[in-house]
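Asker: Got a sequence here, can you model it:
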Amino acid sequence: MNRTEGFNNNGEYTPCNLLAGEFPRVERLVTIASGQNLTKGSVLGKITADGKYTLSASSSNDGSEVPDVILAEDIDATNADAQAVVYFSGEFNTKALTLGAGHTIQSISAELRLRNITLRQNLSA
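Answerer: You can find the predicted model right below:
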């Protein structure tokens, strides 16, 4: 008897280790500024002048130096602005985050906590 009859191989499943708990997640669609190819888990800041999001770097002086949201999907905005889903709240695994220049988990934690984003190290990336 063939025990695989009726089953299809639909590929492999790779679990996402970005989510780290049950705290309610709020997702929204935002505009990612052009010139970036970002991965899921990137910590983004909001550019004050135009409201677009970019990888938060501590040395920026356009508002994006303040960590604000976490990218929920890979996005290629290399050639043009692009729409992407981000998390405005939730509990996230520190090992799955991508930080911009000058930021550390310690430097972003308090600011993100003010935005209902909690960080904890509970899974490997």
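
Asker: quick one: contacts for residue 73?
Answerer: Residue 73 makes contacts with 40, 84-85, as judged by CB atoms under 8 Å, 6 or more residues apart in numbering. (Each C-beta comes from the backbone N, C-alpha and C, glycine too.)

Asker: What about the residues you listed, which are in strands?
Answerer: 84-85 (DSSP state E).

Asker: Which of the contacts of residue 73 ranks first by neighbour count?
Answerer: Among these, residue 84 has the most neighbours (other CB atoms under 10 Å), with 22 neighbours.

Asker: The residue nearest to that one when sequence neighbours are not counted: neighbouring residues, count only.
Answerer: Counting by CB to CB, 6 or more residues apart in numbering, residue 75 is the residue found nearest to residue 84 once chain neighbours are left out, at 4.1 Å. By the criterion of other CB under 10 Å, residue 75 has 20 neighbours.

Asker: Roughly how far does residue 75 sit from residue 39?
Answerer: According to CB to CB, to the nearest Å, residue 75 and residue 39 sit 8 Å apart.

Asker: Let's have the contacts of residue 73 in CSV, adding distance to residue 62.
Answerer: Shown next, in CSV, are the contacts of residue 73 (distance: CB to CB, whole Å):
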residue, distance to residue 62
40, 24
84, 19
85, 23
